[in-house]
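Colleague: below are the sequence and a predicted model; questions follow.
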Amino acid sequence: MADSYELEGLKRAETQRMVLLCLVEHGEQMSSVEIAEKLSLSLNAVNIALFNLNNKGLVERISRGVYKYKLGPIIAPLLKEYFERN
């Protein structure tokens, strides 16, 4: 499970933050292609962000190129507020 250090690091990692919030807001698993299209980012940027988020324990790889976030649904508004305030 992620600790505050990983969340703090997301303040400086804009793409990772965007990808995580996209997954949280969507509420279901998404492919890296879907995330890239939704966020208007390159597929490579999304894949790198997902790799790093997976290593931090913030997302879970479901299958090749498909991920979901590992935090409960209550966390979505809390994450948004956290990143907006800090």
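Modeller: It's in.
Colleague: tell me the pLDDT of the residue most central in space within the chain.
Modeller: When Cα atoms, centre = their mean is applied to the chain, the residue found nearest the centroid is Leu20 (1.6 Å). If you check Leu20, the pLDDT there is 90.
Colleague: settle this for me: it is touching Val59, isn't it.
Modeller: Yes. Contact criterion Cβ atoms under 8 Å: Leu20 and Val59 qualify, at 6.9 Å. Quick note: C-beta positions are derived from backbone N, CA and C, even for glycine.
Colleague: between those two, which contacts overlap?
Modeller: Common neighbours of Leu20 and Val59, using Cβ atoms under 8 Å, 6 or more residues apart in numbering, are Leu53, Tyr69.
Colleague: hmm, back to that, off-centre distance for whichever helix or strand the residue nearest to the centre of the chain is part of?
Modeller: Per DSSP states H and E: Leu20 is located in helix 14-26. The chain centre lies 4 Å from the centre of helix 14-26; the measure is Cα atoms, centre = their mean, to the nearest Å.
Colleague: got the residue ranges for the helices in this structure?
Modeller: Applying DSSP state H to the chain gives helices spanning 4-10, 14-26, 32-39, 43-55, 75-85.
Colleague: go through those helices and pick out the most buried.
Modeller: Comparing these by mean neighbour count (mean count of other Cβ atoms under 10 Å), helix 14-26 comes out on top with a mean of 20.
Colleague: angle of that one against helix 32-39?
Modeller: When axes from the mean of the first three to the mean of the last three Cα atoms, to 10 degrees is applied, the directions of helix 14-26 and helix 32-39 differ by 100 degrees.
Colleague: quick one: list the elements packing against helix 14-26.
Modeller: helix 4-10, helix 32-39, helix 43-55, strand 59-63, strand 66-69, helix 75-85 (3 or more Cβ pairs under 8 Å, 6 or more residues apart in numbering; DSSP states H and E).
Colleague: quick one: which of those is nearest Gln16?
Modeller: Closest to Gln16 of the helices and strands packed on helix 14-26, according to Cβ to Cβ: helix 43-55, at 4.5 Å.
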